[in-house]
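In: Provide a 3D model corresponding to the input given below.
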Amino acid sequence: MAIGLALGVIAATPAAAQPVLGPYAAACRGNDGAVLVTVDGFKQRTGNLRVQLYRADNSFLERGRWLQRIDLPVTRAGAMRICVPVPQPGSYAIAVRHDMDSSGSSGWNDGGGFSRNPRLSLTNLRPSARSVAINVGNTTLPVNVVLNYRFGLSIRPVRG
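Out: Next comes the predicted model:
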């Protein structure tokens, strides 16, 4: 029993021990309103990660309508934790893209995910704002995003 508990603690520690990344890391230590996005499920540890904050309204996923965009190289191991400040309390959505080859454009091998982890498919790559909406107040809201990739004719996480 004690060994099982100890292994559970050890297994849980790496994700929690990962540093908060990005130019706004300090925002997640204050009370100004931010989203702490934990991205996991990488198919490969290459390329770049893009995290974008949108309003959860009709502007969601429209080109150039993001409120905040953070681009970072993918780290070597573990989940990536990125702090994204919000302009004011409200309803927002997070979109994440893993550009595996650092091409700067979306490709078939790239991964992606959203706040609230909606189910994706080849015919539904763009979820509705309502299905990914998160309510952010004056504190830091933790949000987990599991990346999805194309496997043949399906879109799914690496594990699953």
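
In: ok, which stretches of the protein are helices?
Out: 2-17, 129-132 (DSSP state H).

In: run through who's touching the last one.
Out: Residues from elsewhere that reach helix 129-132 (CB atoms under 8 Å, 6 or more residues apart in numbering): 54-58, 60, 93-95, 114-116, 118. The C-beta positions use only the backbone N, C-alpha and C, and glycine is treated the same way.

In: over to stretch 65-82?
Out: Against stretch 65-82 from outside (CB under 8 Å, 6+ apart): 14-15, 18-24, 36-40, 42, 45-55, 59, 84-87, 92, 95, 98.

In: what about that stretch, distance to the chain center?
Out: Stretch 65-82 sits 7 Å away from the centroid of its parent chain (CA atoms, centre = their mean, to the nearest Å).

In: show the average pLDDT along it.
Out: Across stretch 65-82, pLDDT averages out at 96.

In: can you pull the buried residues of it?
Out: 66, 68, 70, 74, 75, 78, 79, 80, 81, 82 (16 or more other CB atoms under 10 Å).

In: report the mean confidence score over the longest strand seen in the chain.
Out: Looking across the chain with DSSP state E, the single longest strand is strand 90-99. The pLDDT scores in strand 90-99 average 98.

In: highest neighbour count among the contacts of helix 129-132?
Out: residue 93 (28 neighbours; other CB atoms under 10 Å).

In: please name the bridge partners of it.
Out: Beta-bridge pairing for residue 93 (DSSP bridges): residue 54.

In: contact partners for it?
Out: With CB under 8 Å, 6+ apart, residue 93 has these contacts: 53, 54, 55, 56, 60, 114, 115, 129, 132, 133, 134.

In: let me see the ranges of the strands in this protein.
Out: Going by DSSP E, the chain shows strands at 20-21, 34-40, 48-55, 68-73, 80-85, 90-99, 111-114, 134-136, 140-146, 149-151, 154-156.

In: just checking: what are the partner strands of the fifth one?
Out: Same thing as strand 80-85. Note on strand 80-85: by DSSP bridges, its sheet partners are strand 20-21 (parallel), strand 34-40 (antiparallel).

In: out of those strands, deepest packed?
Out: strand 34-40 (a mean of 22; mean count of other CB atoms under 10 Å).

In: by mean pLDDT, show me the worst of the strands paired with strand 80-85.
Out: With a mean of 94, strand 20-21 has the lowest mean pLDDT of the strands paired with strand 80-85.

In: and that strand, how far out from the chain's middle?
Out: Worked out by CA atoms, centre = their mean, strand 20-21 lies 12 Å from the chain centre.
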